[in-house]
Every structure is written in structure tokens, then in C-alpha cells.
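Peer 1: sequence and computational prediction follow.
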Amino acid sequence: MIKTDVVIVGAGPVGLFAVHQLGIKGLKSEVIDNLDKAGGQCIELYPDKPIYDIPAIPECTGKELTTNLLKQIKPFNTNFHFSERVQEVSNDKNKWIIKTNKNKVFSAPNIIIAGGVGSFEPRKISIKDAEKHEGKNIFYSVIDKNKFKGKKISIFGGGDSALDWTLDLSKIADVTLIHRRDEFRGAPHTLNEIKKQEKLGKLKIKTKYQISSIEGDKNIKSITIKNDEEKTLKIDTDYILGFFGLIMQLGPIAEWGLNMNRKTITVNTENFQTNKKGIFAIGDICTYPGKERLILSGFHEAALASVECFKRARPNEKYRFQFTTSSKEIQERLGYKSK
Amino acid sequence: MPKITYIDSSGNKKTIEVSNGLSVMEGAVQNNLPGIDADCGGGMACATCHVYVKEDWFNKLNKIEDAEQDMIDMAFEPKKNSRLSCQIIVTEELDGLVVTTPSKQV
């Protein structure tokens, strides 16, 4: 069991800044995120898109913002638990016990949920029967490509993942790439190579088609695809690979007994605590009268929540407000020698 | 104020007045209409405000951007007349617009 002052759920910009606000107050935190890296929506949805409303930074990309936030919290040597999702939260006296899907257990007086709109999960094929084949004949990522050797693979999607795997797997398997429209969004070089391989008969491309059914009971035998004109095609298939990007899913958070409003958690605006003492929600996932889903609002929410976290983690100490410009204590925590 | 009609996948119809300048998505969310989730809040980053627009109206709308088209690739059962409702901004010209929501937003 990992004991800490605060468990932060979500390593997006707001979760990262919470590490900072807690850190300068002398509190330790552990961060859990379902993605394999820090940055949340900034890194997953718009790494290269400019953001124009971070105070004092006229323009920066999602990636730059993440890099700088990580740099800012470096002095605190925080542990990150990536590719892990919080599954269960239970109460033990004044502590919260947090369990992840990889059976890691944390104990802390405070939880800060900075989970954005939920954890990122692959978007799945939504037709009937897709679920029962998932993990057996349908995959949304490739772990061991040898599995596909000599097999008939139908790959869906129009982005980089779909294109890269089409090209790669076409060397060892019989691949058909299926996409909803004629245009692909991927590296031009990969696309050219795919078109070339198609002409050579090394792979097949079916555009303007979408999946309409899966045939086969225990294993998939074939799939049927359909275009806008209702024309159907049957393709012999052993495995389906779907690359439709990621979707944000709230997941187990909805079952923690917190007051919710649609997919957001209701908090007060004094310290962004939920209806459960010691559980806070900040950033896109929280709601209160007048809430705006801006990164800067999340930063403010992190600062205020960290004060209440301090009071709960250090009940015998008095909280003192301090400026980073003048507090020797804070400067030492940040690794700066006081002048 | 322009009136926008939202029809869900089972045919339930709701017509509401949406202020000029708001998106069709915001009109739905602010009035608690089911069927439009808008997880990302209008950033063209999630495809959970996906709607179908009848052809005659579809051609009257602002042109669809590449980024929106890319996102629609990810939506549940996209069709030729698919749009992201966060990208349709309400104006007087859109008075009477009818959009249909898919059976789910993934």
C-alpha cells in the first residue's frame, strides 16, 4: 500500500498544476492516469494546436504546455502511475483507500479528481456481436503482430494507426483497409506507399464503406461492409483491427457516490470539495454555478483545493498563506537557494 | 429567435428557440436535451455531438472543415449528412433547422 497526502486522478494540465500547488505547501502526491504519458487532452487531442488563453503565455501548444508544467513540478519528484485507471474508492476512518485496475492500492486523506472528461479508451466497433469477439478476433491495438501471420485481416480507420498497421501487416498477412470516405488522414509518405502496394496487389483498399455485420459464431468467418448506396460486400476475415481513435469515458468515477450533474461532479467554489469530505474535483470534470471549462479555471481550482488538502493532511499544523517570491520555505521546496 | 428542432433516434421531436450565435450543440445542452453529449465542450475533439442534417438543410450550412470531417470518422454510424452540432452556429437563416441525433454518441 502506497501512503501519501493526496492521490491525484488525472495527469492533464490541471492535475499537474495540482502537484505544484500541493508541493509548495509541503504535501506529497501520487498521480494516476489511464494514458501512458502526462498531458491529458492537451497531449492526446491537440498536441500541436496552439492555445491562446494561458495567462502570460500569448501562444503555446498543448505539448509545450505539458512540457513546461512537468518542468515546473520536477523538484517534487512525484510518482506517476501511467496506463492505470482508478477502479474503486473506499473509506477507512479519515483515509481514502484507492484501488487501481492493476491492483495497486493507495491510502491518503485526500483525493483530487482532475480527470477531464474521463479516461481515454479506444473507440469500438458498435455493431451487434462486436463485443463478444473483442480480445479474440477484434482488436483496437496490436500487441503481438505475429498472431496475424498468414491471416485475413480487415483494418478499419483513416488515420495514422490504420495506415501504419495496414502497411506493416500487409507484409505478413492478407490485409484489407476499409474507410468511410476516400480521404485518409495520415503521413503522405505512408499513404503513397499504401497506394503503391495496392497497385501491386499486396493489399486491398475499400473506401466509402462501413461495417454492417460480422459473420461467424465462435470465430469470425467474414464481415459485411456497406456503402452509402446500400451496396454490400462480403470480405473473408479472421481478424478485425479497429483504429477509430480514443474516446473519453467517465468509467468507475460515476459509481463513487459523488453528486453528479450529467457527466460532471458537483463541487463547492470555496475549495472544490465534492459531497464527500476529502474528495475534490477540479478542471473539466467539476461543475458549479458559472463554471467555464478553461485550463486557467482549473489552475485556480487546484490552488484552492490544495489548501483544504493541507488542512486535512496536517490537522495539527496551521495553514499559512505564503508568496513564492518571498517564502524561504517554498523556495527551498522548489530547490532554489534563498538569496 | 431561430427555432431548431431536435429529433432523437426513436422519433421524439423537440423544438426549442436557440439564440443567434450559439451552436446547435449548445442549444441542446443548455436545454438538457438528451442525445447530444458534447464531451469536449465544443472543441471538435470528441464527436459526441454528432447529428444528421436533412439534405435540403445540409447544403445551406456553413461548409464542413477538414478537422470536422476527420472527427466525424470517429462518430457512431456516420452518414453523408453527418455534422458535429458544435460547428453549426445558429443564425436567423437557420430558423426551422431540423437535426436528428444518432441512437448513441460514442
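Peer 2: Noted; the coordinates are in hand.
Peer 1: now do the contacts for the residue nearest the centre of chain B.
Peer 2: Geometric centre of chain B, nearest residue: B:Ser85, 2.6 Å, by Cα atoms, centre = their mean. By Cβ atoms under 8 Å, 6 or more residues apart in numbering or on different chains, the contact list for B:Ser85 reads B:Ser23, B:Val24, B:Met25, B:Ala28, B:Ile36, B:Ala38, B:Cys49, B:His50, B:Val51, B:Val99. C-beta here means a position set from N, CA and C on the backbone, and glycine is covered the same way.
Peer 1: quick check: end-to-end length of stretch B:55-69?
Peer 2: Using Cα to Cα, to the nearest Å, the end-to-end distance of stretch B:55-69 comes to 17 Å.
Peer 1: so which bits of the stretch 101-250 of chain A are right by chain B?
Peer 2: Counting by Cβ under 8 Å from any Cβ of the partner chain, the residues of the stretch 101-250 of chain A close to chain B are A:117-118, A:123-124, A:126, A:157-159, A:179-181, A:183, A:185, A:210, A:228, A:244-245, A:247-248.
Peer 1: what about 10 Å?
Peer 2: A:116-118, A:123-127, A:156-159, A:162, A:179-181, A:183-185, A:208, A:210, A:228-229, A:243-250 (Cβ under 10 Å from any Cβ of the partner chain).
Peer 1: and B:Asp56, its phi and psi?
Peer 2: phi -60, psi -40 (degrees, to the nearest 10).
Peer 1: returning to that earlier point: among the residues of the stretch 101-250 of chain A next to chain B, which lie within helices?
Peer 2: A:Ala162 (DSSP state H).
Peer 1: in strands only, show me the residues of the stretch 101-250 of chain A next to chain B.
Peer 2: The members of these that map onto strands under DSSP state E are A:Phe156, A:His179, A:Gln210, A:Leu246, A:Ile247, A:Met248, A:Gln249.
Peer 1: next, format those residues as JSON lines and append pLDDT and neighbour count.
Peer 2: Output for those, formatted as JSON lines (pLDDT from 0 to 100; neighbours: other Cβ atoms under 10 Å in any protein chain shown):
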{"residue": "A:Phe156", "pLDDT": "96", "neighbour count": "25"}
{"residue": "A:His179", "pLDDT": "95", "neighbour count": "24"}
{"residue": "A:Gln210", "pLDDT": "93", "neighbour count": "19"}
{"residue": "A:Leu246", "pLDDT": "84", "neighbour count": "17"}
{"residue": "A:Ile247", "pLDDT": "84", "neighbour count": "21"}
{"residue": "A:Met248", "pLDDT": "83", "neighbour count": "25"}
{"residue": "A:Gln249", "pLDDT": "84", "neighbour count": "19"}
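Peer 1: which one of those sits closest to A:Phe310?
Peer 2: Among those, A:Met248 lies closest to A:Phe310 (Cβ to Cβ), at 30.2 Å.
Peer 1: check contacts around that closest one.
Peer 2: With contact set as Cβ atoms under 10 Å, 6 or more residues apart in numbering or on different chains, A:Met248 has these partners: A:34, A:40-41, A:44-45, A:115-121, A:263, A:284, B:37, B:39-40, B:45-46, B:48.
Peer 1: low-confidence ranges in chain A?
Peer 2: Applying pLDDT under 70 to chain A flags residues A:338-339.
Peer 1: please parse it into its domains.
Peer 2: Domain assignment for chain A by automatic domain parsing gives A:2-121+A:247-333, A:124-244.
Peer 1: out of those domains, which is the most enclosed?
Peer 2: Stretch with highest mean neighbour count among those: domain A:2-121+A:247-333 (a mean of 19; mean count of other Cβ atoms under 10 Å in any protein chain shown).
Peer 1: measure it end to end?
Peer 2: Span of domain A:2-121+A:247-333 from end to end, Cα to Cα: 22 Å.
Peer 1: about what we covered before: the contacts of B:Ser85 also near chain A: which ones?
Peer 2: With Cβ under 10 Å from any Cβ as the criterion, the contacts of B:Ser85 include B:Ala38 near chain A.
Peer 1: now the contacts of B:Ser85 in JSON lines, with neighbour count, secondary structure and pLDDT?
Peer 2: Formatted as JSON lines, those follow (neighbours: other Cβ atoms under 10 Å in any protein chain shown; DSSP: H, G, I helix; E, B strand; the rest coil; pLDDT from 0 to 100):
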{"residue": "B:Ser23", "neighbour count": "19", "secondary structure": "strand", "pLDDT": "97"}
{"residue": "B:Val24", "neighbour count": "27", "secondary structure": "helix", "pLDDT": "97"}
{"residue": "B:Met25", "neighbour count": "25", "secondary structure": "helix", "pLDDT": "97"}
{"residue": "B:Ala28", "neighbour count": "27", "secondary structure": "helix", "pLDDT": "96"}
{"residue": "B:Ile36", "neighbour count": "24", "secondary structure": "coil", "pLDDT": "95"}
{"residue": "B:Ala38", "neighbour count": "24", "secondary structure": "coil", "pLDDT": "90"}
{"residue": "B:Cys49", "neighbour count": "30", "secondary structure": "coil", "pLDDT": "96"}
{"residue": "B:His50", "neighbour count": "30", "secondary structure": "strand", "pLDDT": "97"}
{"residue": "B:Val51", "neighbour count": "26", "secondary structure": "strand", "pLDDT": "97"}
{"residue": "B:Val99", "neighbour count": "25", "secondary structure": "strand", "pLDDT": "97"}
